[in-house]
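**Q** predicted model, plus sequence, below.
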Amino acid sequence: MSLTSTLLKNYPFRNLIKIQSRQLNLQEYQSKELLRSNGCVVQNFFVCGKEEKDLDKLFDKYDYQEYVVKAQILAGGRGKGRFINSQLKQSGVFITTSQEQAKFSTLDMLGRRLVTNQTGSDGVLVNQVMIAESVPIKREAYLSILMDPSTSGPVVVACHLGGVDIEKVAERNPELILKLPICINKGITGEQCEQVAEWLCFDDEAVPYVRLHILLKI
């Protein structure tokens, strides 16, 4: 079951519309670029494709204390996935403080097929890899805006227990998932932003900042 299906499970009137056409597919790095262009803070990163001729020159432009190497495919579960015929026996996410190891990981990912719990046994071919600067994680939360097939409109999905296992949280503790329909004509309101910020367990002082500088920009 996909993440969207899991999170929208038992949502009212979910069966009214059976056919959903997906016309927008964004890789993770493209989403980060959109967030950054709209004033949201994202970690530093760069992208390497199969056509890259000089990997050393590319990496020399970016000196990170720790590198996060992430295969770019349109599927979740990359951190727990596996590559077919990988020399390094790595998953789709590799973290290292060594620039040389980051290069090796990038080269090993490019052109190989990554198998995750959402791809099937044949996996998906990796044509691009994102190399990001690692940042300390103080707390994880989940926030997304999904298209609800029952209304053909957006719904904000939020959980203060976010992270890599959000699907399991949605299955085991659905009451922890906030599902907030958004009017496509009006957009998200300030009151709804506050509701989401409070659901994500931000303290009272942080709620106005989260509302203004994060949620409204998204």
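**A** Everything's here; your move. Numbering: from 1, shown residues only.
**Q** for residue 107, grab the count of nearby residues.
**A** 16 (other Cβ atoms under 10 Å). For the C-beta atoms, the positions are set from N, CA and C on the backbone; glycine is no exception.
**Q** show me this structure divided up by domain.
**A** The chain is divided into the following domains under automatic domain parsing: 3-22+138-215, 44-133.
**Q** assign a three-state SS to residue 146, would you?
**A** With DSSP: H, G, I helix; E, B strand; the rest coil as the basis, residue 146 sits in strand.
**Q** what's around it, how many residues?
**A** By other Cβ under 10 Å, 14 other residues sit near residue 146.
**Q** do the same with residue 52
**A** Around residue 52 there are 15 residues (other Cβ under 10 Å).
**Q** okay, the most centrally placed residue in the chain and residue 206: tell me how far apart.
**A** The chain has residue 28 as the residue nearest its centroid, 6.0 Å off, counting by Cα atoms, centre = their mean. Using Cβ to Cβ, to the nearest Å, we find residue 28 at a distance of 26 Å from residue 206.
**Q** over to residue 108?
**A** From residue 108 to residue 206 the distance is 40 Å (Cβ to Cβ).
**Q** quick one: which of these two has more around it?
**A** Between residue 108 and residue 206, counted using other Cβ under 10 Å, residue 108 has the larger neighbour count: 21 against 13.
**Q** can I assume the more buried one sits in a helix?
**A** Yes. Assignment of residue 108 by three-state DSSP places it within a helix.
**Q** show me the contacts for the closest residue to residue 92 other than its chain neighbours.
**A** Nearest residue to residue 92, sequence neighbours excluded (Cβ to Cβ, 6 or more residues apart in numbering): residue 78, at 3.1 Å. Applying Cβ atoms under 8 Å, 6 or more residues apart in numbering, we find residue 78 in contact with 70-71, 91-93, 114, 116.
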